[in-house]
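S.K.: The following block contains a protein sequence and its predicted model.
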Amino acid sequence: MANEDTQLPFDPASVDLDALLKRLNLANARRNWRTYVERAEENGWSCRDFFVLLVVEEIAHRQRTRLQRGTGHARFPFLKTIDDYDFTLQTTLRPALLGSYLGPELVSEGRSLILMGKTGRGKTHLAVAIAYRAIQNGFTALFTTAAELIEDLSTASQRGDLRKALANYLQPHVLVVDEVGYLSYGSDAANVLFHVVNERHQRRRPMIFTTNKSPSSQWGDVLHDADLADAIVDRILERGRLLIVDGPSYRTRHINSGSREPARISGIHRPDFPEPTATYRASSLVRLPRSSHTRSAQGSKGVSVRSSCRRSCRAAVALTAAE
């Protein structure tokens, strides 16, 4: 009787395990369960240990896949994390000031951010890092430049497809708008940007802007409409903040570092004033006589001159080596 209770109601050998795992959408388990079985048998794992490994690996695989997919959809120009940023070059910006932007509350509370500073200070780096952290926290993100967004929506507005084009910028949880003020925009720049900011503000969707212009005093000129620019900034900062990114430029700090290191080409030291080679010294020491005999020899295909030159160069090289 006890033997009957321990028997399975089916024959395990007849079960197509790959098909069942496929129905359950357990892609990683379907690819690797045979390897896991071999490891379990070799190491004497319990059934629970085997099952824990199967589940943990499946979850890790799904997280990696989600991150890859989310990063691809975000269209980042590069991938940077907050750990890659060098805060030691900043005078006022500290990691603690970004704490609330690196957690789930960025999206749950609809927080926005404007990063302002001169070119090369790492504003785009920080914006990408914050958006990537949001993807790690399970949200979606989209990166675009101000010029791309404005041109896209302006063209759609002229075609009568503004509502359809707006959806691309309203759906992601986090929207990064890079380089506000770097380029010139069309006359309707403020109008189309206001549509994005206003609707995302109403939906409590976070926005991250980078700019080299003061939002309060210069965005009006940049967007060709001071009133709409004020309305845009007002909505961004209602649940957001303005952070100044200063310090030296990341791109040119090696030039201003004051280093006295000699220039390098392919890893080889190149002195500022290279010493002349022995051949160069020898040739510079030789002074060939311009006698009438030499001139006549030049007229005879220069044979005597070349012979005299070779003898003089050999003598000069020998003299240099002896020194």
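M.R.: Structure received.
S.K.: The stretch 51-200 of the chain: strands as residue ranges?
M.R.: Ranges of strands in the stretch 51-200 of the chain, per DSSP state E, counting those that start in this stretch, are 112-116, 141-145, 174-180.
S.K.: Export those as a markdown table, with columns for distance to residue 222.
M.R.: Placement of C-beta: from N, CA and C, glycine included. Output for these, formatted as a markdown table (distance: least, Cβ to Cβ, whole Å):
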| stretch | distance to residue 222 |
| --- | --- |
| strand 112-116 | 12 |
| strand 141-145 | 13 |
| strand 174-180 | 7 |
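S.K.: right, so of those, which gets closest to residue 20?
M.R.: strand 141-145 (35.5 Å; Cβ to Cβ).
S.K.: for that closest one, the distance to its chain's centre please.
M.R.: Put simply, strand 141-145 sits 13 Å off its chain's centre (Cα atoms, centre = their mean, to the nearest Å).
S.K.: so what strands line up beside that strand?
M.R.: strand 174-180 (parallel) (DSSP bridges).
S.K.: Off-centre distance for the partner strand?
M.R.: 14 Å.
S.K.: care to break this structure down by domain?
M.R.: As recorded under automatic domain parsing, the domains making up the chain are 12-68, 82-244, 275-322.
S.K.: Kindly provide the whole-number mean pLDDT of the shortest one.
M.R.: It refers to domain 275-322. The average pLDDT within domain 275-322 is 45.
S.K.: Equivalent analysis for the longest one, please.
M.R.: Mean pLDDT, domain 82-244: 96.
S.K.: rewinding a little: could you dump the domains of the chain to CSV with mean neighbour count and distance to residue 75?
M.R.: Shown next, in CSV, are these (neighbours: other Cβ atoms under 10 Å; distance: least, Cβ to Cβ, whole Å):
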stretch, mean neighbour count, distance to residue 75
domain 12-68, 13, 13
domain 82-244, 18, 5
domain 275-322, 12, 53
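S.K.: got the contact list for the most centrally placed residue in the chain?
M.R.: For the chain, the residue nearest the mean C-alpha position is residue 78 (2.2 Å; Cα atoms, centre = their mean). Residue 78 is in contact with residue 128, counting by Cβ atoms under 8 Å, 6 or more residues apart in numbering.
S.K.: so how far is residue 84 from it?
M.R.: 10 Å (Cβ to Cβ, to the nearest Å).
S.K.: Reformat the domains of the chain as TSV; add distance to residue 250.
M.R.: Shown next, in TSV, are the domains of the chain (distance: least, Cβ to Cβ, whole Å):
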stretch	distance to residue 250
domain 12-68	26
domain 82-244	5
domain 275-322	36
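S.K.: these two touch, right, residue 165 and residue 151?
M.R.: No. Here residue 165 lies out of contact with residue 151, judged by Cβ atoms under 8 Å, at a distance of 10.7 Å.
S.K.: Backbone dihedrals for residue 210, please?
M.R.: phi -120, psi 140 (degrees, to the nearest 10).
S.K.: Leaving out the residues flanking it, which one is nearest to it?
M.R.: residue 123 (3.9 Å; Cβ to Cβ, 6 or more residues apart in numbering).
S.K.: any idea how far that neighbour is from residue 189?
M.R.: 20 Å.
S.K.: just to revisit the earlier point, for the strands of the stretch 51-200 of the chain, which one sits closest to residue 22?
M.R.: Using Cβ to Cβ, the nearest of the strands of the stretch 51-200 of the chain to residue 22 is strand 141-145, at 30.9 Å.
S.K.: Need the residues that contact that closest one.
M.R.: 70, 73-77, 127-128, 131-132, 134-135, 168-169, 172-179.
S.K.: Also stretch 14-25?
M.R.: 27, 29-30, 33.
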